[in-house]
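J.: Following is a predicted model, sequence given first.
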Amino acid sequence: MSTIADIPLKRIDGSEDTLAAHQGKVLLVVNVASKCGLTPQYTGLEALYQDKRAQGLEVLGFPANNFMGQEPGTDDEISSFCSLNYDVKFPLYSKISVLGADQHPLYAALTAAQPAATGDGPFREKLTGYGVNPERKEDVLWNFEKFLVGRNGEVVGRFAPDVTADDPRLVAAIEAELAK
């Protein structure tokens, strides 16, 4: 049986990878962007990564340009931006699409496994006020949506874009998975 761990991925440096490389770890998979109002979340994600990495947490960043052109850069530009502006040390992957006809298979699997996000109501309402309305309820809502994958490789949680790395709901879910 194929799992999300088997889906081919590409690191931001162009090297081939899969989530199997992180087997036995708790993963926080985040679609990221450099020109978004939520971009400062890189700081909190990096702090979370540094704080919980020794316990088995991996934060994985997947740049995506699906939302109002907020990630226009090349992989090299994105890598430099993250390093210079936010000192990002957690793994970054090559830019992908997180929704639509060209949705990456990883995001198809993540959204199928967790069709609803914790805390997405207020953010969804805010986007609707701006005339942004996702086609399908299970679609990724915006940049910095977070998927939590347990040590066993199962998708165990999904969090709205404005649920920050220090949000008690996210921290509690991560700590529960790390304790397993």
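T.: Noted; the coordinates are in hand.
J.: Select the helix or strand of the chain having the lowest average pLDDT value.
T.: helix 120-129 (a mean of 89; mean pLDDT, DSSP states H and E).
J.: who touches that one?
T.: Helix 120-129 is contacted from outside by 133-134, 141-142, 160-162, using CB atoms under 8 Å, 6 or more residues apart in numbering. No exception for glycine: its C-beta is placed from N, CA and C like everyone else's.
J.: Save the residues you listed as a markdown table, and put in distance to Gly121 too.
T.: What follows is the contacts of helix 120-129, written out as a markdown table (distance: CB to CB, whole Å):
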| residue | distance to Gly121 |
| --- | --- |
| Asn133 | 14 |
| Pro134 | 13 |
| Leu141 | 10 |
| Trp142 | 13 |
| Ala160 | 8 |
| Pro161 | 12 |
| Asp162 | 11 |
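J.: List buried members of the residues you listed by neighbour count.
T.: 141-142, 160-162 (16 or more other CB atoms under 10 Å).
J.: so what pLDDT did the residue positioned nearest the centre of the chain get?
T.: Closest residue to the average C-alpha location of the chain: Val30 at 0.9 Å, with CA atoms, centre = their mean. Model confidence at Val30, given as pLDDT, is 98.
J.: Run through the residues that contact it.
T.: Going by CB under 8 Å, 6+ apart, Val30 touches 45, 59-62, 144-147.
J.: for the chain, what are the low-confidence residue spans?
T.: Low-confidence segments of the chain (pLDDT under 70): 1-2.
J.: where along it do the helices fall?
T.: Here the chain has its helices, by DSSP state H, at 41-52, 75-86, 105-113, 120-129, 168-178.
J.: Of all those helices, which one is nearest Phe67?
T.: Judged by CB to CB, the one of these that comes nearest to Phe67 is helix 120-129, at 9.4 Å.
J.: Pull out the buried positions in that closest one.
T.: Neighbour-count burial for helix 120-129 [16+ other CB under 10 Å]: 120, 123-124, 127.
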